[in-house]
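Student: using only what follows, build the 3D model:
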Amino acid sequence: MTPPGIGLDELAAQIGGELLASSRPLTPRVGGITHDSRLARPGMLFVCVPGERSDGHQHAPDAVALGAVALVVEQQLPVDVPQIRVADARRAMGPAAAAVYGHPDR
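Tutor: This next block holds a predicted model:
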């Protein structure tokens with residue numbers, strides 16, 4: 001039986017991002033997604049969404065400290081977890097969530 005979630009390489013391909021490796025091994029599966037660093041948990045993907053008042057890129061270390069195993073970023077960060085670089089994190093968030101949760105719309 002395949003564990004729930006999605007592999008980072010497959011996720012990067014589905015959202016059109018570039019997988020940037022870290023010194024940590026690539027996590028075999030990502031089982032959840034959030035764009036709120038306070039809600040990050042072990043096994044989750046944190047999406048660094050730039051906002052009007054705050055840029056999610058600034059909160060990536062907090063998300064990793066809470067257990068996020070990978071990031072979706074617009075620019076590579078000095079955080080030692082695998083990162084998927086995309087042109088627009090906000091636009092990538094919907095397709096990433098669909099991929100992580102097994103495309104429930106299909």
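
Student: packing partners of the helix or strand hosting Ala12?
Tutor: Using DSSP states H and E, Ala12 maps to helix 8-15. With contacts taken as 3 or more CB pairs under 8 Å, 6 or more residues apart in numbering; DSSP states H and E, helix 8-15 sits against strand 18-20, strand 83-85, helix 89-100. In this view, the C-beta of every residue, glycine as well, is placed from N, C-alpha and C.

Student: show me what counts as buried in it.
Tutor: 8, 11-12, 14-15 (16 or more other CB atoms under 10 Å).

Student: hmm, who's touching that helix?
Tutor: 6, 17-19, 26-27, 30, 45, 70, 72, 82, 84, 86, 92, 95-96, 99-100 (CB atoms under 8 Å, 6 or more residues apart in numbering).

Student: 6 Å - rerun?
Tutor: 19, 26, 70, 82, 84, 92, 95-96, 99 (CB atoms under 6 Å, 6 or more residues apart in numbering).

Student: top of these by neighbour count?
Tutor: Ala70 (27 neighbours; other CB atoms under 10 Å).

Student: so that residue makes contact with Phe46?
Tutor: No - checked against CB atoms under 6 Å, the pair Ala70 and Phe46 is beyond contact range at 7.5 Å.

Student: how about low-confidence regions in the chain?
Tutor: 1-4, 25, 27-28 (pLDDT under 70).

Student: gap between stretch 33-44 and the chain center?
Tutor: Centroid separation for stretch 33-44 versus its chain: 9 Å, with CA atoms, centre = their mean, to the nearest Å.

Student: what residues of it count as buried?
Tutor: 33-35, 37, 40, 43-44.

Student: only C-alpha atoms, please: export that stretch in PDB.
Tutor: Once non-C-alpha atoms are left out, stretch 33-44 reads as follows in PDB (Å, rounded to 0.1, in the frame of the first residue of the first chain):
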ATOM      1  CA  ILE A  33       0.100  21.700   3.000                       C
ATOM      2  CA  THR A  34      -0.200  25.100   4.600                       C
ATOM      3  CA  HIS A  35       0.600  28.700   3.900                       C
ATOM      4  CA  ASP A  36       0.400  29.700   7.600                       C
ATOM      5  CA  SER A  37       3.700  28.900   9.300                       C
ATOM      6  CA  ARG A  38       1.900  28.600  12.700                       C
ATOM      7  CA  LEU A  39      -0.100  25.600  11.300                       C
ATOM      8  CA  ALA A  40       2.900  23.700  10.000                       C
ATOM      9  CA  ARG A  41       3.200  20.100  11.300                       C
ATOM     10  CA  PRO A  42       5.600  17.200  10.700                       C
ATOM     11  CA  GLY A  43       5.400  15.900   7.100                       C
ATOM     12  CA  MET A  44       3.800  19.100   5.700                       C
END
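
Student: thanks a lot, see you next time.
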